[in-house]
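S.K.: This is a predicted model, with the sequence first.
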Amino acid sequence: MRRAILITLLVVAVGGAAVAQEVKKVPAKYTSPSSGAEMYKAYCASCHGADGKGGGPASTALKTKAADLTLLAKKNGGKFPFEHVAQLVVGEGMVSAHGNKEMPVWGPAFLAMDQRSRSVVMLRAKNLTQHIADIQAK
């Protein structure tokens, strides 16, 4: 039986002038491994924002501010760090906001989602990383 895959989302309820924030865990939506944009919207935009600048609705619940993904190339001498980003996507790198190497975010989720197919996980990582490369600030 496939384990439930959970992602954390920030639910904002507006009642009058008060805004209450609650972190809610929901099953991760299955997306096409070939669509970086679809994966980004489903898995990344809640923290990094639809535009990749770090202002997603769940970003206020993070201990560390979500990275502005549109500046990765600029911060790397004008060259997008494709391999490094792909490693972070599957949990082979360390980013404090994503947990440590023992608790990566997307590698295990993608493995469970794609019936333990490492090649599909790598396809997901490649296409998601390409989408992030495509949204770099010009």
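M.R.: Everything's here; your move. Numbering: from 1, shown residues only.

S.K.: how about stretch 54-65: buried residues?
M.R.: Using 16 or more other Cβ atoms under 10 Å as the test for burial, stretch 54-65 gives 54, 56-59, 62. For every residue, glycine as well, the C-beta is placed using N, CA and C.

S.K.: what's the closest of those to Lys74?
M.R.: For these, the closest approach to Lys74 (Cβ to Cβ) belongs to Gly54, at 14.0 Å.

S.K.: would the closest one count as being in a helix?
M.R.: No: Gly54 is assigned coil when assessed by DSSP: H, G, I helix; E, B strand; the rest coil, not a helix.

S.K.: ok, the closest residue to it other than its chain neighbours - contacts?
M.R.: Once flanking residues are discounted, Gly54 sits nearest to Ala66: 4.1 Å by Cβ to Cβ, 6 or more residues apart in numbering. If a contact means Cβ atoms under 8 Å, 6 or more residues apart in numbering, then Ala66 has 47-49, 54-56, 59, 97 as its contacts.

S.K.: Doesn't Ala66 belong to a strand?
M.R.: No: under three-state DSSP, Ala66 falls outside any strand and is assigned coil.

S.K.: what helix or strand is Val26 on?
M.R.: Following DSSP states H and E, the helix or strand that holds Val26 is strand 18-27.
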